[in-house]
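Novice: Next input, structure requested:
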Amino acid sequence: MGNIQNSGILSGLMLSWLNPAVEISNRRPLEQTDLPNLDGADFKCENLTKRLENSWAREKAVAKLRRTQPDLWKALFQTFSKRDYAIIMILMLVTTVTMCLLPFLLYCVLLELSGSAPLRHEALITAVCLCLCAWVKAVSFSRLEFRAASHAIQVVSALSGIVYKKMLRQSSSKISDVMSGHVINLFATDVQSFRYGITAIPGLVMAPIIIATTATVMVWLAGWPALVGLAMSVGYIAIQSVVVKLCEYYREKTVKVTDQRVTLVSQIISGIRVIKMNAWETPYYAALNRIRRSEMYLLAKKYRVIALFDTFYCSSLPSFCVMLCYMFTNRQLDHVVIFTVLSYFTELKLTVSWHLAYGTKVLTDSIVSMERIRAFLLDDAKEIAQPSTNPRQENDKSVNILHDISMEVSDDSLVAVIGPVGSGKSTLLETISGMDPTFRGKVETRGSIAYVPQMPWIFLGTVRENILFNASYDADKYERVIEACDLKSDFKTFPNGDLSVIGERGIALSGGQRARVSLARAVYLDADVYLLDDPLSAVDFKVGKHIFERCICGVLKSKLRVLVTHNEHCLENVDEVILMEKGTIVSKSSYQEFIDASRINKEGALSCNSLKRPANEDGKDEDDAAKGGGISAATEEKDIGAVSCKNYWEYLRAGLAAPFIIIMGIVLLLVPVLSASPNWILAKWDKLSWDNPDNHGIIIAYISLSLSTNLFRYVLFAAIYFAVLRCSSKLHNKMGHSLLHAPVHFFDRNPTGRIVNRFSADLGEADNKLPTALGFSLNAFDMFVFLFVPVLASYWLLLAMVIPLFLMLWYSVKFLRVSRDATRLQSLARSPVFSHISNTVEGLPAIHMHDASHVFIQRLCSHQNNLTQASFSAMSMWLWLNMRVLNSGIVFLVIISIAVITLSSSAGFVGLAITYALTILLDAPYVIESFGHVQAIMTSIQRVMEYCRIAPEPAYRIQVKPTRDWPRHGALLFNHVSLRYYKDGPQVLKDVTFSIEPQQKIGIAGRTGAGKSSIVASLMRMPEATPGIQIDGVDICGLNLQSTRQAVSVIQQNPVMFCGSIRNNLDPFDIYTDDEIWSALHDAKVGPLVSGLVGKLKYHIQEGGANFSVGERQLFSLARALLHKKKIIVMDEATANVDPQTDHLIQTTIRDKFKDCTVLIIAHRLSTIMDCDRIMVLHDGQVVEMGTPEALMGNADSWLAQLWQHSH
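Specialist: Predicted coordinates for the structure are as follows:
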């Protein structure tokens, strides 16, 4: 596509190098490759970052010599060419002169026409000069905006690079624990604020000169009454500052409520299975709407203030006051003064409101952001160059503090670290790796370190890129690594093998696959020391055995290995066993010494069968593989086509009645007519004065029309803002209802971030941007009325006006198409930048460990260059439209000026026509742009409306409810039940038949993919299975969905806890008393833990239950089941991620407290279910055998006996 560097002077002025992109957008949607090429221009992130780094280094050196603080503004100034600044200064001078000269030239035209013998020839020459001046102003101002905006884009790119490089030098513990939100906010808010702040600087410099010149000329023309209007115009700044403060006040309050709402949505998504299993949809929907109402209340108060402010801004109050002063002080108004003053006030309104007031606000925001960035760049205390013995805060209760840890490990040895939940095992490895600084003492290691965390980090890229990371590809070595980590068979299932692209955080991979990719990355690094944080917990027995033998004891046998595990079979092959409890090392011994001391059974630290577990960190059973998720999640649809009128009507009808829409449309047409009427009176009657009784009626009409215009305009603004908020509120409620009633498969297919984005960014567009964009679009109706004023001179002018008006309309249509594409591409280019930054923060330890900073810097620069290209193109396309609309407007101005001067005998009418033509010239590009903004915002609203139409689970429509005491016994029957997770998907249950008597304890066993968790899914109707499932003789397929789910309690593998109090997590809607909750907590053996917390039941739980260990969270889930006292209890791999001690505690509690209930236990440890009344074995979605443990184990050919033999 066209290159900006190859454009000529005229092409550069008119931005004609964008024409190919504009033409393409009218044939098909634009792609990134269609955008103008910036390779030859100085827009490359890597180059700009390097130049800014050099300038910043020089500035710091000078500041150090002067003993002052370095100035980042000065460093930025020194980064760019002085020639660019000189050109901007020249353009500012030309723009300022022409802006001040335009109204004065109008004054000259009117003066030449106002005498008894009008000088039409001279007036025509002056009018031509006026048109030429308007064209020069249009070109200079457009080039000024282009230069300033280009410079702002370069600054954003340079700052992004230097802040990202600084972030990569930070200690991973500081970034992860303290500064992650701050760092991400620097990129998302502070760096981006310079796009607006730097662009506003030229206007701020020009504004005082324009105001001073305007004031001087107007006082010379109109005398002291002009000072009244000037005072009101300048007073607008004070009013705007008050409004801005009020808006910021409401905004701060609104943001807090919005955060609560979005946090609740995020928790609903992450805990959707818990919510559905407990039939909590209705209460959570009510909670979500309650927060939304509070948010709407604050937004309504803010927009009432904005409506009043917008009314004042759109009014002609300053010029109205000047006219009144003239009329009531025995001064005779003539048309020369009237329309010169009106023209100056039009220019003044733009200068004061936009250049001065708005410019001051955005520049102030940039100054604040600059200080935050400067502080971050100067904060050298947190860089990784510092020793790892930085003190940890003693009052930090969110992490496990190690106490008096002393250990020494020799080379090529394998050390196992064991211990109960919360004993400090992971913290020990983090401290050795240098991620977690020690409070006192020191850590010494020899050679390089590779750390494999319990929660794997995967970045957006191919599987191979995630394994190689920063290393070069060695085919033989790579093959050995993937074979050792048992990844070959997985690669065969991926569409493109190890070259398949996996999403951010490895969303397309299973938990075991993510763990093995993370392990393979560390193994390929070929380090000297390996710190392995329970990598076998995410894989099943067979894979775990392969990894331990082929990888840990095979490929890595010559390395020093520290392995956290609960696996006794691993201990048989280790050189030393370290037992930890409560942050201290209890013992260090060989495996045999450990056995002799009987630590295993007495301490409950290990399970002799722990190697058999197929647990994965997703909290989902291996049956997920059968759901057909594939290597990637559902692809988000791109917004390509235009928003149709049907979408606008659907949006309005979502919250408004048809009569209200019609009334609002009538007011919308009435206001522009009222707005033009006062000026028409001034043009029609000359020398109005209150001293003349004949003028009283005209003056009263003028005053009445002016005031009623403002009143109706306020009503219109208030109605529009009310309509937008009401529609937005209704859409939110519909979307929330659809989300809570959506099938679980919807949440499996759509990433959490995508769903949350509908409730945050997309809905935020409707809440915060649409009202302003619609309000500015109202100027289009004023322009429509202004267009017909010159026609009063001669109807033949309609023919002359066709050409420029057609050009304006034609260019507008082209712009709206290309603008939509440019906005879409800019949005698409922005997402990878922030995803990369967020992913970098999460993976900082791995990046440091693999010395891959330069690779990630290159990726950031690549993403940022794409964003720069898209941002530059979007900005240029707006200026492309601006130039063409302004040129069409100049043609319109020339035609109008010549026509009215030639055909009209009234100087007042000439003044009105030219003043309106200048207003159209000034406002037309911005009005068209505002329509583009409305359309872009509507694409976000369109996505919200799509989520309002999510098909709910079909069974929600069933209204039949069982008796209140159902189920009374807990008998369960499956009669020829089959299940698919989605339409046309594979059958995961195939004609399953079995029966369970009340109060029986049933164990469910089977290999990977056998269908164990699918039994639970069918019982909970997630999704709906074929008819045939009966509870106490009632077929659940004919019952209300929520009634069915209220009959069963499910304790899942991954315990879910919501942000809030402990009480809210157990009983979110205050159904139970405190005594009942305490009883459940004590029965679940967490009563003493809660009693020791500050606030007890009101103790605040962090998001995801981060301030409790996995085992403690599982006990809270058990307490929830105990509290609800249901007749059927399901344990779905509930002890997969806990240590044996917690497992034993949970099993004991189940047998004691649920002895009167029917219990189904799915377990990866066969020993866990060997004391059940009966055991059911599944294979390939079918029940292959069911009987007592004794009978099944007594038959050496039984499926259960073979599973037992295989696991041992």
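Novice: Check which residues of the helix or strand hosting Met327 are buried.
Specialist: In the assignment (DSSP states H and E), Met327 maps to helix 317-328. Of all the residues in helix 317-328, those buried under the rule 16 or more other Cβ atoms under 10 Å are Leu317, Pro318, Ser319, Phe320, Cys321, Val322, Met323, Leu324, Cys325, Tyr326, Met327. No exception for glycine: its C-beta is placed from N, CA and C like everyone else's.
Novice: Can you add distance to Ala57 and pLDDT and give those residues back as CSV?
Specialist: Output for the buried residues of helix 317-328, formatted as CSV (distance: Cβ to Cβ, whole Å; pLDDT from 0 to 100):
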residue, distance to Ala57, pLDDT
Leu317, 53, 81
Pro318, 50, 82
Ser319, 54, 81
Phe320, 57, 82
Cys321, 56, 83
Val322, 56, 81
Met323, 60, 81
Leu324, 61, 81
Cys325, 60, 83
Tyr326, 62, 75
Met327, 65, 75
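Novice: can you pull out the helices in the stretch 451-600 of the chain?
Specialist: Counting by DSSP state H, counting those that start in this stretch, the stretch 451-600 of the chain has these helices, from start to end: 463-468, 475-484, 488-493, 511-525, 541-546, 568-571, 591-596, 599-603.
Novice: What of the stretch 51-200 of the chain?
Specialist: Taking DSSP H, counting those that start in this stretch as the criterion, the stretch 51-200 of the chain carries its helices at 72-79, 82-113, 120-168, 172-174, 180-185, 194-222.
Novice: For Ala719, find the nearest of those.
Specialist: Each of the helices of the stretch 51-200 of the chain was scored for nearness to Ala719 using Cβ to Cβ, and the closest is helix 194-222 (29.4 Å).
Novice: the inter-axis angle of the following helix or strand past the helix holding Met327 versus helix 82-113?
Specialist: Along the chain past helix 317-328, the next helix or strand (assigned with DSSP H and E) turns out to be helix 335-350. Using axes from the mean of the first three to the mean of the last three Cα atoms, to 10 degrees, the inter-axis angle of helix 335-350 relative to helix 82-113 is 160 degrees.
Novice: Could you list every helix and strand in contact with helix 335-350?
Specialist: If you count contacts as 3 or more Cβ pairs under 8 Å, 6 or more residues apart in numbering; DSSP states H and E, helix 335-350 packs onto helix 82-113, helix 194-222, helix 225-270, helix 317-328, helix 658-684, helix 907-948.
Novice: Near the residue lying closest to Ala200 once chain neighbours are set aside, how many other residues are there?
Specialist: The shortest distance from Ala200 to any non-neighbouring residue, by Cβ to Cβ, 6 or more residues apart in numbering, is to Gly359 (3.6 Å). Per other Cβ atoms under 10 Å, the neighbour tally for Gly359 reads 23.
Novice: Give me the contacts around the one helix or strand Gly359 maps to.
Specialist: The secondary structure element spanning Gly359 is helix 359-378 (assigned by DSSP H and E). Contacts made with helix 359-378 from outside it, assessed by Cβ atoms under 8 Å, 6 or more residues apart in numbering, are listed as 56, 70, 72-73, 159, 162-163, 166, 182-183, 186, 189-191, 193-194, 196-201, 203-204, 207, 237, 244.
Novice: 7 Å - rerun?
Specialist: Counting by Cβ atoms under 7 Å, 6 or more residues apart in numbering, the neighbours of helix 359-378 from elsewhere in the structure are 56, 72-73, 159, 162-163, 166, 186, 190, 193-194, 196-197, 200-201, 203-204, 244.
Novice: ChimeraX command for the buried members of those residues?
Specialist: Paste this into ChimeraX to select the buried members of the contacts of helix 359-378, with burial taken from 16+ other Cβ under 10 Å:
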select :56,72,159,162,163,166,186,190,193,194,196,197,200,201,203,204,244
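Novice: Show me what the helix ranked longest in the chain is packed up against.
Specialist: For the chain, the helix reaching the highest residue count under DSSP state H is reported as helix 853-903. Based on contacts counted as 3 or more Cβ pairs under 7 Å, 6 or more residues apart in numbering; DSSP states H and E, the elements that helix 853-903 packs against are helix 45-66, helix 120-168, helix 797-842, helix 907-948.
Novice: at 8 Å what do you get?
Specialist: Of the remaining helices and strands, those touching helix 853-903 by 3+ Cβ pairs under 8 Å, 6+ apart are helix 9-14, helix 19-25, helix 45-66, helix 82-113, helix 120-168, helix 797-842, helix 907-948.
Novice: ok, now which ones touch His969?
Specialist: When contacts are counted by Cβ under 8 Å, 6+ apart, His969 touches Pro998, Gln999, Asp1032, Lys1127.
Novice: In TSV: these, plus secondary structure and distance to Glu765.
Specialist: Conversion of these to TSV gives the following (DSSP: H, G, I helix; E, B strand; the rest coil; distance: Cβ to Cβ, whole Å):
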residue	secondary structure	distance to Glu765
Pro998	coil	55
Gln999	coil	55
Asp1032	coil	50
Lys1127	coil	48
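Novice: Please indicate which of those has the highest neighbour count?
Specialist: With neighbours set by other Cβ under 10 Å, the maximum within the contacts of His969 is found at Lys1127, which has 22 neighbours.
Novice: Can you spell out the domain ranges of this protein, please?
Specialist: 80-378+645-948, 414-582, 999-1021+1047-1206 (the TED database).
Novice: What's the end-to-end length of the first one?
Specialist: Domain 80-378+645-948 has its terminal residues 49 Å apart, counting by Cα to Cα, to the nearest Å.
Novice: Just give me how far it sits from the chain centre.
Specialist: Using Cα atoms, centre = their mean, to the nearest Å, the distance from the centre of domain 80-378+645-948 to the centre of the chain it belongs to is 23 Å.
Novice: Over to the last one?
Specialist: Distance of domain 999-1021+1047-1206 from its chain centroid, counting by Cα atoms, centre = their mean, is 35 Å.
Novice: ok, now the second one?
Specialist: Chain-centre distance of domain 414-582: 31 Å, with Cα atoms, centre = their mean.
Novice: Between the two ends of it, how far is it?
Specialist: 23 Å.
Novice: pLDDT of it, averaged?
Specialist: pLDDT averaged over domain 414-582 equals 83, rounded to a whole number.
Novice: Go through the domains of the chain and name the closest to Leu972.
Specialist: Counting by Cβ to Cβ, Leu972 lies closest to domain 999-1021+1047-1206 out of the domains of the chain; the figure is 6.1 Å.
Novice: so where is the stretch 751-900 of the chain shaky, pLDDT-wise?
Specialist: For the stretch 751-900 of the chain, applying pLDDT under 70 flags the ranges 753, 779-780, 783-800.
Novice: picking up where we left off before, give me the angle between the helix holding Met327 and helix 194-222.
Specialist: Calculated by the same axes, to 10 degrees, helix 317-328 forms an angle of 10 degrees with helix 194-222.
Novice: List of residues touching helix 317-328?
Specialist: When contacts are taken as Cβ under 8 Å, 6+ apart, the neighbours of helix 317-328 outside the stretch itself are 222, 224-226, 228-230, 232-233, 331-333, 337-338, 341-342, 345, 348-349, 678, 682, 688-690, 695, 699, 702-703, 706, 710.
Novice: can you check stretch 42-55 too?
Specialist: Everything outside stretch 42-55 that qualifies as a contact, by Cβ under 8 Å, 6+ apart, is 38, 75-76, 78-79, 153-154, 157-162, 165, 857-858, 860-861, 864-865, 868-869, 872.
Novice: Show the buried residues in these.
Specialist: Buried members of these, counted by 16+ other Cβ under 10 Å: 38, 75-76, 79, 153-154, 157-162, 165, 857, 860-861, 864-865, 868-869, 872.
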